[in-house]
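Participant: please find the sequence and the predicted model below.
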Amino acid sequence: MRYIMLLLLISSMMITASAPPLVGAAPCPPHHSGHWEGVWTSTAFPPAGGGWQADVTVSLAGTLSGAITVTDSIVPPGSRVNGHVSCAQIQFGIIGDEAGTRLVSFEGTIDESGLSMSGTYTAISGDHGTWSGRIDPENALAVRFSPVLWMASDDYQPEEVQIMLDEPSRPNCSTELREHRKPKRGTLLADCPTADVLAAKADEPNSYIDIKGIRVGEEDRYRQQYVDLSSTYDVVTYTDITVRNSRVLIDYWLFYCCASLRR
């Protein structure tokens with residue numbers, strides 16, 4: 001596979017500072033991309049309120065984009081958001097259609113750590129109120145130092161592991177879990193393995209996931225399998241965060257379902 005992993009520096013999904021502050025002004029907080037969670041409270045229709053969570057990316061120019069889910073509201077789950085961050089000020093909106101109509105507009109202030117923010121919102125329905133949110137410090141750190149990959153146009157992408165498992169999003173399972181025994185193909189341990197099955201077989205040192213009906217070396221068929229399934233799953237980087245002796249250790253994992261044997 002032709003790719004180059006850059007140094008684990010700040011990725012394109014993270015912005016650490018905006019323009020230099022004016023003399024005598026407080027420094028700008030860091031702007032964290034990642035998974036945010038918070039609450040909203042209506043002042044127009046009390047006691048209405050609920051929670052929200054969003055996965056957002058903030059560019060070096062301060063442009064914000066991502067997806068948001070708001071509980072106890074009419075906002076569809078996974079709705080698009082866009083907006084802008086400037087020093088300690090943030091504004092963004094929930095997009096309701098292809099024309100870019102904002103269902104809800106948010107304005108607020110980011111605290112000096114960059115880990116929490118709060119403000120007010122207004123909705124085209126006539127509702128208005130307050131909101132607040134926070135990002136987990138470890139999550140923010142993991143996003144900040146996540147690896148950046150340069151991929152060739154014909155490379156396989158690092159996908160969600162569910163692409164190889166029996167999941168509701170993949171009704172036609174074509175994989176099986178086997179135990180490797182040379183020189184034969186191996187003993188079948190489970191047909192259409194789920195995540196729970198893999199966890200139960202974690203101590204099997206010679207187990208592997210096999211794609212039914214495709215032999216090693218039949219790369220065209222692997223490629224077609226990947227093309228058929230990849231659009232259903234996200235390109236992801238997995239992280240494992242451990243705190244040890246006041247230090248945070250972050251492991252990054254990339255899963256390639258169909259890596260080429262020729263690269």
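Facilitator: Cool, the structure landed.
Participant: next, give phi and psi for S230.
Facilitator: phi -60, psi -30 (degrees, to the nearest 10).
Participant: what's the burial count for it?
Facilitator: 17 (other CB atoms under 10 Å). Placement of C-beta: from N, CA and C, glycine included.
Participant: what's the straight distance from one end of stretch 148-165 to the other?
Facilitator: For stretch 148-165, the first-to-last residue distance is 26 Å (CA to CA, to the nearest Å).
Participant: equivalent analysis for stretch 117-130, please.
Facilitator: 11 Å.
Participant: try stretch 150-161
Facilitator: 21 Å.
Participant: buried residues in that stretch?
Facilitator: Neighbour counts using 16 or more other CB atoms under 10 Å place D155, Y156, Q157, P158, E159, E160, V161 of stretch 150-161 among the buried residues.
Participant: how much space between the fourth one and R144?
Facilitator: Distance, P158 to R144, using CB to CB, to the nearest Å: 19 Å.
Participant: ditto for the last one
Facilitator: Remark: distance between V161 and R144 (CB to CB) = 24 Å.
Participant: that older thread, can I get the buried residues of stretch 150-161 in a markdown table including distance to A67, secondary structure and pLDDT?
Facilitator: A markdown table is the format used below for these (distance: CB to CB, whole Å; DSSP: H, G, I helix; E, B strand; the rest coil; pLDDT from 0 to 100):
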| residue | distance to A67 | secondary structure | pLDDT |
| --- | --- | --- | --- |
| D155 | 25 | coil | 81 |
| Y156 | 24 | coil | 83 |
| Q157 | 19 | coil | 85 |
| P158 | 20 | coil | 88 |
| E159 | 18 | strand | 86 |
| E160 | 16 | coil | 85 |
| V161 | 21 | helix | 84 |
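Participant: OK, contacts around L198?
Facilitator: Residues near L198 by CB atoms under 8 Å, 6 or more residues apart in numbering: L165, L177.
Participant: in which helix or strand would I find it?
Facilitator: Per DSSP states H and E, L198 falls inside helix 195-200.
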